[in-house]
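Peer 1: okay, predicted coordinates and the sequence, questions at the end:
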Amino acid sequence: MSTNSIKLLAGNSHPELAELISKRLGIPLSKVGVYQYSNKETSVTIGESIRDEDVYIIQTGIGAEEINDFLMELLILIHACKAASARRITAVIPNFPYARQDRKDKSRAPITAKLVANLIQTAGCDHVITMDLHASQIQGFFNIPVDNLYAEPSTLSYMKKNIDLASAILVSPDAGGAKRVASIADKLDLNFALIHKERQKANEVSRMVLVGDVTDKICLLVDDMADTCGTLAKACDTLLQHGAKEVISLVTHGIFSGDAEAKIANSKLSRIVCTNTVPVDLDTPKVAQIDISPILAEAIRRLHNGESVSYLFTHAPEA
């Protein structure tokens, strides 16, 4: 099966990533008009026939104010494709919205990630492609197939090319990320340390305790997302107090909301490396980006042609 019957549609959340995926596949983006009326209602117009086509809608979950608008855009695009008789509709959501609300951690708390999964299915989606879910059990919230891709192969490639691994140690900024860091440590044959953090309230860390020896080491702080960057800044201070030589942070989703830019500028982090799952618009030389569009494009090609996607869990396509 060729890629001729693929239709790529893009919402307004990350046009640059959509263009990179389009170029990689050699398929132009379909004509889509997404507008907002003066009362903030979202309107979608698809400018070409998608009847009996394999449709991929690229929309990521970002934005302090726009995240709900982008989610509605995605749902309306899915529904519009369903109504226009598309054969199969796949939502490509590099950063899954509301992924941190994945469990009932206190009384009367909502499991909003499950609600988002229900909305996407009800709109008419047949398949979901996402990357580095905050919690892998979110896949179980869906009754349709979900491919959770990993940025790890691309991150490993970056680390081997740009970091002196002989004097490095991997560090997880919290207990929840220990499994992720242990996996990378095994592949690079490095030691790893762990930071235990105690929170007073959401998004605010009160105290950090280091488990492991980081003396005279380049510390590689690995996490799935950097939002307000309070955790990374505090973790960096903790590591330097324990004799670390340098601290570099590697995250998949660089959300950088609120006063994250100021926190990064004032922190002692030498570098933050993130992927382009979400657009990053920070005026600081400390932030570097890894392009993951080849992974997403290859996942689309493999899914369309009925090939295995699990190859991408351990291999990064050549840029």
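Peer 2: That came through, no problem.
Peer 1: which stretches in the stretch 151-300 of the chain count as helices?
Peer 2: Counting by DSSP state H, counting those that start in this stretch, residue ranges of the helices within the stretch 151-300 of the chain are 152-162, 178-188, 230-241, 260-266, 293-305.
Peer 1: of those, which is nearest L25?
Peer 2: helix 293-305 (5.1 Å; Cβ to Cβ). From N, CA and C alone the C-beta is placed, and that goes for glycine too.
Peer 1: about what we covered before: tell me which of the helices of the stretch 151-300 of the chain approaches K31 most closely.
Peer 2: Relative to K31, the nearest member of those by Cβ to Cβ is helix 293-305, separated by 18.8 Å.
Peer 1: angle of the closest one against helix 152-162?
Peer 2: If you take axes from the mean of the first three to the mean of the last three Cα atoms, to 10 degrees, helix 293-305 sits at 150 degrees to helix 152-162.
Peer 1: what lies in contact with helix 293-305?
Peer 2: Taking Cβ atoms under 8 Å, 6 or more residues apart in numbering as the criterion, the residues outside helix 293-305 that touch it are 1, 3, 5-6, 8, 17, 20-21, 24-25, 54, 56, 58, 90, 92, 94, 127, 129, 131, 147, 149, 151, 153-154, 276, 307-309, 311-312, 316-319.
Peer 1: can you list the helices of the stretch 151-300 of the chain in JSON lines and add mean neighbour count, distance to A168 and mean pLDDT?
Peer 2: Supplementary listing: the helices of the stretch 151-300 of the chain in JSON lines, determined by neighbours: other Cβ atoms under 10 Å; distance: least, Cβ to Cβ, whole Å; pLDDT from 0 to 100:
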{"stretch": "helix 152-162", "mean neighbour count": "16", "distance to A168": "8", "mean pLDDT": "94"}
{"stretch": "helix 178-188", "mean neighbour count": "16", "distance to A168": "8", "mean pLDDT": "91"}
{"stretch": "helix 230-241", "mean neighbour count": "20", "distance to A168": "12", "mean pLDDT": "91"}
{"stretch": "helix 260-266", "mean neighbour count": "16", "distance to A168": "21", "mean pLDDT": "92"}
{"stretch": "helix 293-305", "mean neighbour count": "21", "distance to A168": "24", "mean pLDDT": "96"}
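Peer 1: so which of these is nearest T45?
Peer 2: For the helices of the stretch 151-300 of the chain, distance to T45 was read as Cβ to Cβ. The smallest value, 23.2 Å, belongs to helix 293-305.
Peer 1: rewinding a little: from the contacts of helix 293-305, which land in helices?
Peer 2: Judged by DSSP state H, the subset of the contacts of helix 293-305 located in helices is 17, 20-21, 24-25, 153-154.
Peer 1: identify the farthest-apart pair in those residues.
Peer 2: When these are compared pair by pair using Cβ to Cβ, the farthest-apart members prove to be L25 and P153, with a separation of 19.2 Å.
Peer 1: thinking again about what came up before, for L77, which of the helices of the stretch 151-300 of the chain is the nearest?
Peer 2: Using Cβ to Cβ as the measure, helix 293-305 is the one of the helices of the stretch 151-300 of the chain that comes nearest L77, at 16.0 Å.
Peer 1: and S270, what does it touch?
Peer 2: In this structure, S270 makes contact with 246-248, 286, judged by Cβ under 8 Å, 6+ apart.
Peer 1: which of these lies closest to D259?
Peer 2: If you rank the contacts of S270 by distance to D259 using Cβ to Cβ, K286 comes first, at 15.0 Å.
Peer 1: so what's the residue count around I163?
Peer 2: 18 (other Cβ atoms under 10 Å).
Peer 1: quick one: A123 from L115, how far?
Peer 2: Distance check for A123 against L115: by Cβ to Cβ, to the nearest Å, it reads 13 Å.
Peer 1: higher neighbour count, those two?
Peer 2: Applying other Cβ under 10 Å to A123 and L115 shows that A123 carries more neighbours, namely 18 against 13.
Peer 1: in contact with that one, which residues?
Peer 2: For A123, the residues meeting the contact criterion (Cβ under 8 Å, 6+ apart) are 74-76, 78-79, 82.
Peer 1: ok, now how distant is the residue nearest the centre of the chain from D132?
Peer 2: Residue closest to the mean C-alpha point of the chain, counted by Cα atoms, centre = their mean, is N95 at 3.7 Å. Per Cβ to Cβ, N95 is found 8 Å from D132.
Peer 1: quickly list what's touching both of the two.
Peer 2: Residues touching both N95 and D132 comprise 253, 277, with contact defined as Cβ under 8 Å, 6+ apart.
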